[in-house]
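[1] Here's my sequence, what's the structure:
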Amino acid sequence: MTARLSLAVLLPALWCITVFAPPLRSAPPVAEMKSQTPLIILAYQGADGATGSSTGTGFFVTTTHIVTNWHVCCMLPDGVTKKVVLAGRAKEDLQPATVLWSSQTKDLAVLRLDKPVQVTPVAFARFPSLSEGMDVWAVGYPGAAGRMAKSEGLFRSSITKGVISKMDTRSVSNGQESVKLIQTDASINAGNSGGPLFDSCGRVVGVNVTKALVTVLDSRGNPVRVPEADGIGWSVDIRELLPELDRLSVRYAAFDSVCEAGGSTSSGFGGVILAAQILLLLATLVVGAVVVRKKVAPAIVTAVTQRRFASHPPQQQQPQPQQPQQHQPPPAPLRNMPQQQHAAKPVVRPRVTLLGLAGEYAGQRLPLLVQGLTLGRDAAVSNVVFAAGTPGISKRHCRVYYDQGRVMVEDTYSTHGTFLGSGPGAGERLNPGEPRELQPGEEIRLADERVAFRLERTA
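    Numbers count the residues shown, from 1 in each chain. All right, here's what the predicted structure looks like:
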C-alpha cells in the first residue's frame with residue numbers, strides 16, 4: 001500500500017475519532033475547594049462544670065467571614081453556660097469566631113473572624129446555572145473519618161462526588177415559611193454539616209445540611225438516628241443565603257452562567273476541535289483526489305485503451321524524420337509558496353486572581369473564572385458589586401476577562417476612568433472599549449487610588 005493510500009485511510013479514521021469520541025473533561029479545582037473549607041469546633045461548658053464539644057464544616061465567603069449551619073455553631077445542650085466557636089484549617093490556625101447572624105429556620109449562620117486568613121474566597125453559582133443531573137462535590141469533615149484517622153486527620157477534609165437529584169422546598173414554622181433545598185446523592189454525614197456543595201467549576205451552589213435520617217429505639221430503648229435511605233442528602237440552596245449576605249454588606253462574587261468544566265468541552269477548545277475536523281476533512285478530500293488522479297484514472301484509461309486496440313488494431317505509420325531536440329530551460333522555482341496550515345492548539349487559560357489592594361475588597365482574592373469579572377455598583381450588570389456610595393465607581397465600571405489564553409482589562413465607558421498602575425497619579429488611563437492585556441503583577445485602579453487591584457497567578 002502506497003503512502004498516499006495509507007493517508008487516504010488514516011485521515012478519515014482520525015476525522016471519525018474527533019467526531020464520535022467523548023468530549024474531553026477538565027478536573028474540578030479540588031485543591032482550591034478544600035482550601036476554602038475550614039473545620040468548625042463548638043466547645044461548651046455546663047453549670048456543673050462538665051464540658052463538651054462538637055464539630056462541623058464551613059466555607060470562606062471573604063478572608064474574615066465564614067458560612068456554616070445554625071446547628072453547627074449555635075445549637076447547645078440544656079444547661080450550657082459558656083461556649084466558644086473556633087474555626088481553622090489546621091490546629092495552629094484555629095481562632096475564635098463571632099456569630100454575626102444565624103437563622104434556625106434556614107439552618108444557616110455567618111461567622112466573623114478577628115484576623116484575616118490567607119485564602120481565596122468562594123464564588124457562588126446562582127440558580128439559573130443549576131440543573132438536575134449535573135455533577136456536584138461535597139467537601140467537609142465527617143466525624144467518622146476523623147475518628148478513624150490519626151490526630152492530624154481531624155483537620156483533613158474529605159470530598160465526595162454526586163449529582164443534583166432534584167430541587168425542592170421544605171415547609172418550616174408550621175407551614176408558615178419554606179426553605180429552598182437541593183437533593184444530592186453526594187455523601188453527607190455527621191460533620192459535613194455547614195460545608196459547601198460545589199459545582200465542577202468550584203463554585204458554591206448549596207450549604208450541606210443533613211442526610212435522610214429517621215429516629216429509632218436501640219436495644220436499651222434509647223432513641224438513635226439512623227439513615228432512612230441511601231443516596232439522599234440535602235443542601236440549603238444559596239438563594240436562601242445571598243440576600244442575608246447582602247443585608248450584612250458582605251461582598252461576594254456570583255455567576256449565572258452554566259459551568260462548562262467537567263461536563264463538556266469549553267467553548268474555546270470546542271472551536272479547536274471543530275477546526276481540526278474541518279482540516280482533516282479537507283485533507284481527506286485532497287489526498288483522495290490525488291489517489292484517484294495518480295492511480296485510479298490511469299488504470300481506467302489503460303483498460304479502455306487495451307479494449308479499443310483489441311477490436312481495432314492500430315495501423316502502421318510511416319516513420320517521420322527526427323527533428324533536432326531543442327533545449328528547454330528548466331522550470332523556474334516556485335516562490336512564496338504558502339506554508340502548511342496547522343490546527344490551532346487548545347487555548348490554555350492561566351489560573352489567576354484579582355487581589356484587592358485598596359477599597360472594600362482590600363485583602364480579598366477574587367478568582368478569575370471563565371466568565372470573567374465585571375466590576376461596578378449595579379448588581380444587575382456586575383458580578384463584583386461595590387457599595388452604592390463608593391466614590392468614582394460607575395454602575396458598570398470595567399471588566400477583566402480571558403481572551404485566547406490572555407487576561408484582558410477593558411474600561412466599560414466609566415465616568416472617572418480605569419487606570420493601569422496604582423497610587424496617586426500613577427498609571428495610564430485606558431481608552432473606553434479598548435481592551436488591554438493585563439500581566440500577573442500589574443495593578444489597576446478604578447477612578448483613583450482608593451480602589452485598586454493586582455493580578456496574581458495562582459498555583
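
[2] drop to CA atoms for contacts and neighbour counts, all remaining ones
    OK.

[3] Could you give the number of residues near residue 442?
    Counted with other C-alpha atoms under 10 Å, residues neighbouring residue 442 total 14.

[4] same question, residue 452
    By the criterion of other C-alpha under 10 Å, residue 452 has 26 neighbours.

[5] and the gap between the nearest residue to residue 417 once chain neighbours are set aside and residue 427?
    Setting aside the residues directly before and after it, residue 417 is nearest to residue 447 in space (C-alpha to C-alpha, 6 or more residues apart in numbering), at 5.2 Å. According to C-alpha to C-alpha, to the nearest Å, residue 447 and residue 427 sit 11 Å apart.

[6] Same check on residue 358?
    Taking C-alpha to C-alpha as the measure, residue 358 falls 16 Å from residue 427.

[7] Repeat that for residue 419.
    Taken as C-alpha to C-alpha, the span from residue 419 to residue 427 is 6 Å.

[8] Those two - which one has more neighbours?
    Neighbour count, other C-alpha under 10 Å: between residue 419 and residue 427, residue 419 has more, with 24 against 15.

[9] tell me the contacts of the more buried one?
    If a contact means C-alpha atoms under 8 Å, 6 or more residues apart in numbering, then residue 419 has 426-430, 444-447 as its contacts.

[10] Between those, which sits nearest residue 246?
    The shortest approach to residue 246 among these belongs to residue 446, at 22.2 Å (C-alpha to C-alpha).

[11] was I right about residue 439 contacting residue 421?
    No: in terms of C-alpha atoms under 8 Å, residue 439 does not count as a neighbour of residue 421; the distance is 11.6 Å.

[12] Neighbour count: the two, which is higher?
    residue 421 (19 against 16).

[13] That one is in contact with residue 438, isn't it?
    No: using C-alpha under 8 Å, residue 421 is not in contact with residue 438; the gap is 10.6 Å.

[14] I figured the residue nearest to residue 417 was touching residue 418, is that so?
    Yes: assessed by C-alpha under 8 Å, residue 447 is found in contact with residue 418 at 5.8 Å.

[15] Residue 243 in helix, strand or coil?
    Following DSSP: H, G, I helix; E, B strand; the rest coil, residue 243 is assigned to helix.

[16] so how far is residue 203 from it?
    Using C-alpha to C-alpha, we find residue 243 at a distance of 17 Å from residue 203.

[17] Who has more neighbours out of those two?
    residue 203 (25 against 11).

[18] what is the more buried one paired to in the beta sheet?
    Assessed by DSSP bridges, residue 203 has beta-bridge partners residue 123.

[19] so it touches residue 122, yeah?
    Yes: counting by C-alpha under 8 Å, residue 203 touches residue 122, with 6.5 Å between them.

[20] if I look at residue 385, how far off is residue 129?
    19 Å.

[21] These two - which one has more neighbours?
    Using other C-alpha under 10 Å, the more surrounded residue of residue 385 and residue 129 is residue 385, with 22 against 13.

[22] Specify the beta-bridge partners of the more buried one.
    With DSSP bridges as the rule, residue 385 is bridged to residue 376.

[23] The nearest residue to residue 372 once chain neighbours are set aside - how many residues pack around it?
    Distance criterion C-alpha to C-alpha, 6+ apart; nearest residue to residue 372, sequence neighbours excluded, is residue 401 at 4.1 Å. Burial of residue 401 is recorded as 20 neighbouring residues (other C-alpha under 10 Å).

[24] and what of the one 4 residues further on?
    The number of residues packed around residue 405, counting by other C-alpha under 10 Å, is 13.

[25] my read: it touches residue 351, true?
    No: counting by C-alpha under 8 Å, residue 351 is not a contact partner of residue 405; they are 10.1 Å apart.

[26] pretty sure residue 285 belongs to a helix, no?
    Yes: counting by three-state DSSP, residue 285 is part of a helix.

[27] How are the helices of the stretch 151-300 of the chain distributed by residue range?
    Taking DSSP state H, counting those that start in this stretch as the criterion, the stretch 151-300 of the chain contains helices spanning 242-247, 267-291, 297-311.

[28] Where among these is average confidence lowest?
    Sorting the helices of the stretch 151-300 of the chain by mean pLDDT places helix 297-311 lowest, at a mean of 53.

[29] Am I right that residue 389 falls within a strand?
    No: counting by three-state DSSP, residue 389 falls outside a strand, being coil.

[30] okay, now it: neighbour count?
    8.

[31] now swap in the one 10 residues further on and tell me
    Here the number of neighbours of residue 399 (other C-alpha under 10 Å) works out to 20.

[32] Next: the one 4 residues further on.
    By other C-alpha under 10 Å, the residues close to residue 403 number 15.

[33] Who is it paired with across the strands?
    Beta-bridge pairing of residue 403 under DSSP bridges involves residue 406.

[34] try residue 87
    residue 40, residue 95.
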